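S.K.: Fold the stuff below for me.
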Amino acid sequence: MDDLLVIGGLGVDVRVRVPALPLPDVDSVTVDPIDLRIGNTGAGVALAAHALGLRVTVVDVLGADPAGDVVRAALARSGVRAVLADAPAGTRRSVNLVDPAGRRSSLYDPRPWRGPTPFPDLPTLVRGAAHVHVSIMDWARDLLPAIRAACGAGVTLSTDLHDWDGANPYHRPFADAADLVFVSGVRLGDRAGALAAGLAPRTVVVTRGGDGADVHPSGGAPVRVPAAEPPAPVVDTNGAGDAFAAGLVAARLRGATLADAAAYAARVAAAACTRDGMEYPPGLLPPPA
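M.R.: Model (predicted):
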């Protein structure tokens, strides 16, 4: 049985260290070596959860291309079990521009899915998991009813809506299917509370980067979660939100209260920011208290 099944969200990140964001208005900029490595949201959740000691399986479509080989190799190194189908359009990829303070600007190439719905046996995998996390991939959207129906009693389903503005209809089915919704506050402004109320009875976690997070429990008052102090200099904030989600899920599976799990997740996210990339060595991410 899996502790965590991650559905969708594998890709590669092309990480470019830049002198400043936004980039200077010049023809060319000399930068440090440009790296190609595993990335995207599902990989971030799966790799962080695995580093925290969870048994993890990730399910996704992946291209038969060099970028896909990078993802396969990283998953093999980590020991994360992968169930993959071929993506004719190729592997998703992002170009992440990272400034000296670790702040990121991302250019995302989603490689839209074309073809019949993959993974006819996905409900079987769902039934074998204690927690299911669904990334907002196009191929997974039509499978949400089957995923939800396959979740047994006591199994929580989560999703991350990223920088949703609360209005884009694409995201709504993912929110409706979930018990636990992560969403960035970057485009919500002062509408986060109203959004959380509109998604009741779901628990909504609004992440705010270096400003911490707000947890809106089902039927309860919101709880402010301050950001944790990183244990070392920040080198890359890419994947911090995914590490936060993994930390919260891991703590909840181990019986922590929602408030304690969120505080622990903040520590996990802070530690993840001290790592260049999403492959976390043993001991980098904090163990549960």
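S.K.: Only C-alpha atoms from now on, for both contacts and neighbour counts.
M.R.: Will do.
S.K.: so where's the protein uncertain?
M.R.: 289 (pLDDT under 70).
S.K.: Next, the contact list for Asp211, please.
M.R.: Shown in contact with Asp211 (C-alpha atoms under 8 Å, 6 or more residues apart in numbering): 226-227.
S.K.: hmm, 10 Å instead?
M.R.: Contacts for Asp211 (C-alpha atoms under 10 Å, 6 or more residues apart in numbering) come out as 224-228.
S.K.: same thing with Pro286?
M.R.: So Pro286 contacts 51-52, 231, 247, 264-265, 267-272 (C-alpha under 10 Å, 6+ apart).
S.K.: on that earlier part again, of the contacts of Asp211, which belong to strands?
M.R.: In this view, the contacts of Asp211 that belong to strands under DSSP state E are 224-225.
S.K.: Pipe the contacts of Asp211 into TSV and attach distance to Leu75 and neighbour count per row.
M.R.: Listed next are those as TSV, based on distance: C-alpha to C-alpha, whole Å; neighbours: other C-alpha atoms under 10 Å:
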residue	distance to Leu75	neighbour count
Arg224	34	17
Val225	31	22
Pro226	32	17
Ala227	29	19
Ala228	28	18
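S.K.: Would you point out the most distant pair within the contacts of Asp211?
M.R.: Using C-alpha to C-alpha, the two most remote members of these are Arg224 and Ala228, lying 12.4 Å apart.
S.K.: any shared contact partners between the two?
M.R.: Common contacts of Arg224 and Ala228 (C-alpha under 10 Å, 6+ apart): 211-212, 263.
S.K.: Now tabulate the residues you listed in JSON lines and tack on distance to Ala196 and secondary structure.
M.R.: Converted to JSON lines, these look like this (distance: C-alpha to C-alpha, whole Å; DSSP: H, G, I helix; E, B strand; the rest coil):
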{"residue": "Asp211", "distance to Ala196": "18", "secondary structure": "helix"}
{"residue": "Gly212", "distance to Ala196": "17", "secondary structure": "coil"}
{"residue": "Ala263", "distance to Ala196": "19", "secondary structure": "helix"}
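S.K.: can you put the residues you listed in TSV and add distance to Arg114?
M.R.: As requested, the shared contacts of Arg224 and Ala228 are exported to TSV (distance: C-alpha to C-alpha, whole Å):
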residue	distance to Arg114
Asp211	39
Gly212	38
Ala263	40
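S.K.: and which of those is nearest to Ala150?
M.R.: Ala263 (30.2 Å).
S.K.: right, and that closest one touches Glu229 too?
M.R.: No - counting by C-alpha atoms under 10 Å, Ala263 does not reach Glu229; the two are 11.5 Å apart.
S.K.: what sits against Ala263?
M.R.: Counted by C-alpha under 10 Å, 6+ apart, Ala263 has contacts 212-213, 224-228, 244, 247-248, 251, 257.
S.K.: and the gap between it and Val249?
M.R.: Using C-alpha to C-alpha, to the nearest Å, Ala263 is found at 12 Å from Val249.
S.K.: who touches both of these two?
M.R.: Here Ala263 and Val249 have no joint contacts, going by C-alpha under 10 Å, 6+ apart.
S.K.: Around Gly154, count how many other residues there are.
M.R.: Neighbourhood size, Gly154 [other C-alpha atoms under 10 Å]: 8.
S.K.: ok, and the closest non-adjacent residue to it?
M.R.: Closest residue to Gly154 apart from its sequence neighbours, by C-alpha to C-alpha, 6 or more residues apart in numbering: Ala130 at 7.9 Å.
S.K.: Mind checking what secondary structure the one you found has?
M.R.: strand (DSSP: H, G, I helix; E, B strand; the rest coil).
S.K.: Burial check on it, number of neighbours?
M.R.: Counted with other C-alpha under 10 Å, Ala130 comes out at 20.
S.K.: residue contacts, it?
M.R.: Here Ala130 is in contact with 1-5, 55, 151-157, 253 (C-alpha under 10 Å, 6+ apart).
S.K.: one more time with 7 Å, if that's ok
M.R.: Applying C-alpha atoms under 7 Å, 6 or more residues apart in numbering to Ala130 gives the contacts 2-4, 155.
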